[in-house]
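# Dropping the sequence and predicted coords here.
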Amino acid sequence: RYLNIRGCELVTDTGIEYLARQCNKLRSLDIGKCSLVTDRGLEVLALNCPLLKKLSLKSCERITDRGVQMIAANCTDLHMLNIQDCNISTEAYRFVKRHCKRCIIEHTNPGFC
């Protein structure tokens, strides 16, 4: 239910998709600094792991608003989301806050406050 693969630079969307389909009761996932993961991987994660409560995407440079919004729309019980050093807009930040009411969002963007 808990997996930390932070910094595993060879993890791709294919790996995340396999993980999501096999571990649909996943509660906590840290894929920070997995620079090959994109919105495609997050979409499959969101659709297959609705029980997710903690997700770290720290320094995942290929993640965009679309991926973060897919997570928020499908994992509404999310309690913690780390988007530090990600290219996420204020709109996506607000989307997460609207859909995941109890979510604490860790970020580095001063415009989100």
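Good, I have the coordinates.
# Mind jotting down where the strands sit in the protein?
2-4, 28-30, 54-56, 80-82, 104-106 (DSSP state E).
# Mean neighbour count, mean pLDDT and distance to D13 added to those strands, as CSV?
Backbone N, C-alpha and C define where each C-beta goes, glycine included. Compiled in CSV, the strands of the chain are given as follows (neighbours: other C-beta atoms under 10 Å; pLDDT from 0 to 100; distance: least, C-beta to C-beta, whole Å):
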stretch, mean neighbour count, mean pLDDT, distance to D13
strand 2-4, 12, 97, 16
strand 28-30, 19, 98, 14
strand 54-56, 21, 98, 15
strand 80-82, 21, 98, 19
strand 104-106, 14, 96, 23
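# N4 versus Q69, what's the distance?
24 Å (C-beta to C-beta, to the nearest Å).
# typed the wrong thing, it's F95
For F95 relative to N4 (C-beta to C-beta), the value is 26 Å.
# repeat for L26
Shown here: L26 relative to N4, a distance of 12 Å by C-beta to C-beta.
# same check, this time on I31
As defined by C-beta to C-beta, I31 lies at a distance of 9 Å from N4.
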